[in-house]
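# kindly return the folded structure for what I paste below:
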Amino acid sequence: MSTTSLILLYLAAALAISRLPMFRVYFSLCNTLIEKIIHVLAVVVTREGKSNKIKLYKNGSGETTSNVNSKIKKVMIVYIGYTGTLIIALGLFYLLSSYKFLFVIYFFIGLLVISILLWIRNFFGVIWALSFVVLLAVPLYCRNELAIMHISIFLSSLILIQAIINALQVIRQSFNTEGKPGAKTKIARIPAIICGVALLGQSLYATYFIFNHVLKYKVAMIRFELLEIYQIMEKFIT
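Prediction:
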């Protein structure tokens, strides 16, 4: 199976896993960690306060210890976090297009190790990060190039799919109101709605950019690869 087919297959797998509670939390924490690291760096750069702690939870969510008073600034920090995740996804797919699968694994291992040392400060988060480092280190230790390729494609696909899903969640959450509905409540929702729509738009554009410019896939090529995947699955099933 070609690399193109594998990427399409793992994008579908990442979407499917995001719907399975058993696997969703474990793998989606990768995206959550990246997002929270960018939040920490954004708070430090904007001098909004000291934020050097990240907590990851069993439901796949996370939080930082920063306290930002302005709602607009909070929205901007969320926007920066999700945008940074998209940029990282773009970089990961660039590595895939250059067949530098090993660098993708090194990126995640390095990010996890640095996070354990500097930012993650709750027991569950540390245990999860350590388990993920071990999971990624095994194929490196065994020098299994095939496993390295598959894992790097899957993780890159996962980050991109999670970025799109998170944008949809921001839009959905922006319509949730607390207390009685009113004009003030609707006005307060506007920054979050705008942020969500902007995130979804740039997520879809980033996906288009990755396929059209980084991977240089054409519509006819994608159709051919999907047909190949279907034929392989049909043979496997029968």
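
# which secondary element of this protein has the worst mean pLDDT?
The helix or strand of the chain with the poorest confidence is helix 219-237; it has a mean of 51 (mean pLDDT, DSSP states H and E).

# read off the pLDDT value for residue 53.
pLDDT, the model's per-residue confidence, is 88 for residue 53.

# now do the helices in the protein.
3-17, 21-46, 71-97, 101-118, 123-142, 145-174, 183-209, 219-237 (DSSP state H).

# can you tell which of those helices is closest to residue 59?
Nearest of these to residue 59, taken as C-beta to C-beta: helix 21-46 at 6.5 Å. Using the backbone N, CA and C atoms, a C-beta is placed for each residue, glycine as well.

# relative to residue 134, how far out is residue 104?
Residue 104 sits 17 Å away from residue 134, going by C-beta to C-beta, to the nearest Å.

# counting neighbours, go ahead and name the busier of these two.
residue 104 (23 against 11; other C-beta atoms under 10 Å).

# skip the chain neighbours and tell me the closest residue to that one.
residue 152 (3.7 Å; C-beta to C-beta, 6 or more residues apart in numbering).

# show the pLDDT at the one you found.
In this model, residue 152 is scored at 95, pLDDT.

# cool, residue 75 as well?
72.

# give me the neighbour count for it.
For residue 75, the neighbour count with other C-beta under 10 Å is 20.

# doesn't residue 196 make contact with it?
No. Applying C-beta atoms under 8 Å as the test, residue 75 and residue 196 come out as separate, 9.6 Å apart.

# which ones are touching the most centrally placed residue in the chain?
Note on the chain: the residue nearest the mean C-alpha position is residue 159, at 2.9 Å, using C-alpha atoms, centre = their mean. When contacts are counted by C-beta atoms under 8 Å, 6 or more residues apart in numbering, residue 159 is found next to 30-31, 34, 85, 88-89, 92.
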